[in-house]
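# when you get a sec, could you give me coordinates for this:
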Amino acid sequence: MVRRRKNKNRIEGVVVTMKFHEYFLSWIETFKKGTVKKVTYEKYLMTYKHLKRIAPDVELSELNRANYQNIINEFGKDHAKTTVGDFHTHLKACLYEAFDERLIDRNPARRVVINGQPNPVRNKFLELEEIKKLMDVLDINSKTIKWDHMFFLMMNTGARFAEVLALTPKDFDFEKMTIDIHKSYNYKEKELENRFMETKNRSSIRIIDIDLKVAWIFKPLIENIPEDEPIFPYGIYGTHHPVIFNTVPNSVLKTRCKKAGIPEISIHGLRHTHASLLIANNIDMQVVAKRLGHVDTTVTQKVYVHLMAKAEKEANNQIKAIMVNL
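Numbers count the residues shown, from 1 in each chain. Have a look, this model is predicted:
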């Protein structure tokens, strides 16, 4: 339903009598469904559910900075600040579209204050001595596949969680000592036929060299697993394929960190740990970027700027030592 505007000082046209959450749902179904990955679309749907819960009666035409800020504040009461930022990003994109279509005469998402709960304090990566302590408590000599084997592999390769989940026995080449990463694992998908999906981007398709220890541990572990089965979901859960939540391995890793007496780290932090080891040992940035599956070194430098600064300081100290002895 629409009604004509009577106020001549406002934009000529119509006012849409539609709830904000209804318009958001219509927007994602029109512009996002089928154009983004399924997992991304599901995040938009989650934003819609939260919006409908928080603001069930707010009309699109009635939105202003104040009531939009109230929506953000309400969401921030029980969500981390970074999550609130993502929530706002989804809504803001939708409102830009509404403004361009003259469905609203101002964009209420401008100059919004992002509130929220403090993000959980968690180390982004482990130092060398901490890695050694973690390795001491991982049961990687077990004859059956455990989450410990995944932690070990992620620290050794820098692969992403979904990339490691997607690995099958035929992705391992023990003669060339490599792992072929060319797919990702949709760990939230219930249907078996939809469990594999594309990697994050084309640069994520890569061959990663592995060392003798990785080969020695994994060769006997995967020899009895069908070549097209993902080794971790298959090995840990059996032939039945459940929905896998990353909270499970994160919880296991937290327990391992506590046992090792080191700071808690997330499974994604294992990827950062691998990168930090390479950078700390002066591995060429192009090699690091390629191994991590980054588009170029700019991405790598942006993510690990703190490590780059430390490496630069050490390099400058080396330069001073060289110069002083001339």
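# what's the local residue count around Thr40?
For Thr40, the number of neighbouring residues by other C-beta atoms under 10 Å comes to 10. Glycine gets a C-beta too; all of them are placed from N, C-alpha and C.
# dump the residue contacts of it.
Lys32 (C-beta atoms under 8 Å, 6 or more residues apart in numbering).
# and it, what element?
According to DSSP states H and E, Thr40 maps onto helix 38-54.
# list the buried residues for that helix?
By neighbour count on 16 or more other C-beta atoms under 10 Å, the buried set for helix 38-54 is 41, 43-44, 47-48, 50-51, 54.
# show me the helices in the stretch 1-150 of the chain, by range?
In the stretch 1-150 of the chain, helices defined by DSSP state H, counting those that start in this stretch lie at 20-31, 38-54, 65-76, 81-100, 128-137, 147-157, listed in chain order.
# deepest of those helices, which one?
Using mean count of other C-beta atoms under 10 Å, the stretch among the helices of the stretch 1-150 of the chain with the greatest mean number of neighbours is helix 147-157 (a mean of 22).
# that one vs helix 128-137, what angle?
Note on geometry: by axes from the mean of the first three to the mean of the last three C-alpha atoms, to 10 degrees, helix 147-157 and helix 128-137 are set 150 degrees apart in direction.
# same for helix 147-157, what does it pack against?
Packed against helix 147-157, as judged by 3 or more C-beta pairs under 8 Å, 6 or more residues apart in numbering; DSSP states H and E, are the following elements: helix 128-137, helix 161-165, helix 212-222, helix 231-237, helix 247-260, helix 267-280.
# could the ones you listed go into TSV alongside mean pLDDT and distance to Thr83?
As requested, the helices and strands packed on helix 147-157 are arranged in TSV below (pLDDT from 0 to 100; distance: least, C-beta to C-beta, whole Å):
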stretch	mean pLDDT	distance to Thr83
helix 128-137	93	28
helix 161-165	95	18
helix 212-222	96	35
helix 231-237	90	27
helix 247-260	94	15
helix 267-280	89	15
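# as a markdown table, the helices of the stretch 1-150 of the chain with distance to Tyr185 would be great.
Listed next are these as a markdown table, based on distance: least, C-beta to C-beta, whole Å:
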| stretch | distance to Tyr185 |
| --- | --- |
| helix 20-31 | 24 |
| helix 38-54 | 11 |
| helix 65-76 | 29 |
| helix 81-100 | 22 |
| helix 128-137 | 24 |
| helix 147-157 | 12 |
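# re earlier: any idea of the mean pLDDT in the helix holding Thr40?
Confidence over helix 38-54 (mean pLDDT, whole number) is 92.
# any low-confidence regions in the protein?
In the predicted model of the chain, residues 1-16, 119-123, 189-190, 192, 240-242, 299, 303, 305-316, 318-324, 326 satisfy pLDDT under 70.
# tell me the domain boundaries of it?
In terms of domains, the chain is parsed into 2-100, 134-268 (source: automatic domain parsing).
# how about these in TSV, adding distance to Lys124?
Formatted as TSV, the entries for those read as follows, by distance: least, C-beta to C-beta, whole Å:
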stretch	distance to Lys124
domain 2-100	13
domain 134-268	8
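# quick one: closest of these to Gly116.
Judged by C-beta to C-beta, the one of the domains of the chain that comes nearest to Gly116 is domain 2-100, at 3.5 Å.
# centre of the chain to the closest one, how far?
The chain centre lies 24 Å from the centre of domain 2-100; the measure is C-alpha atoms, centre = their mean, to the nearest Å.
# repeat that for stretch 273-284.
From the chain centre to the centre of stretch 273-284 is a distance of 21 Å (C-alpha atoms, centre = their mean).
# same question for stretch 130-137.
Taking C-alpha atoms, centre = their mean, one finds the center of stretch 130-137 at 25 Å from the center of the full chain.
# of all the domains of the chain, which one is nearest Ile279?
Of all the domains of the chain, domain 134-268 sits nearest to Ile279, with 11.1 Å by C-beta to C-beta.
# got the end-to-end distance for the closest one?
Across its full length, domain 134-268 reaches 15 Å between end residues, using C-alpha to C-alpha, to the nearest Å.
# spell out the secondary structure type for Asp180.
Using DSSP: H, G, I helix; E, B strand; the rest coil, the secondary structure recorded for Asp180 is strand.
# from Arg206, how far out is the residue lying closest to it once chain neighbours are set aside?
Once its chain neighbours are removed from consideration, Asp180 has its nearest residue in Asp171; the separation is 4.6 Å (C-beta to C-beta, 6 or more residues apart in numbering). Between Asp171 and Arg206 the distance, using C-beta to C-beta, to the nearest Å, works out to 12 Å.
# residues shared between the contacts of those two?
In the contact map built from C-beta under 8 Å, 6+ apart, the residues linked to both Asp171 and Arg206 are Ile181.
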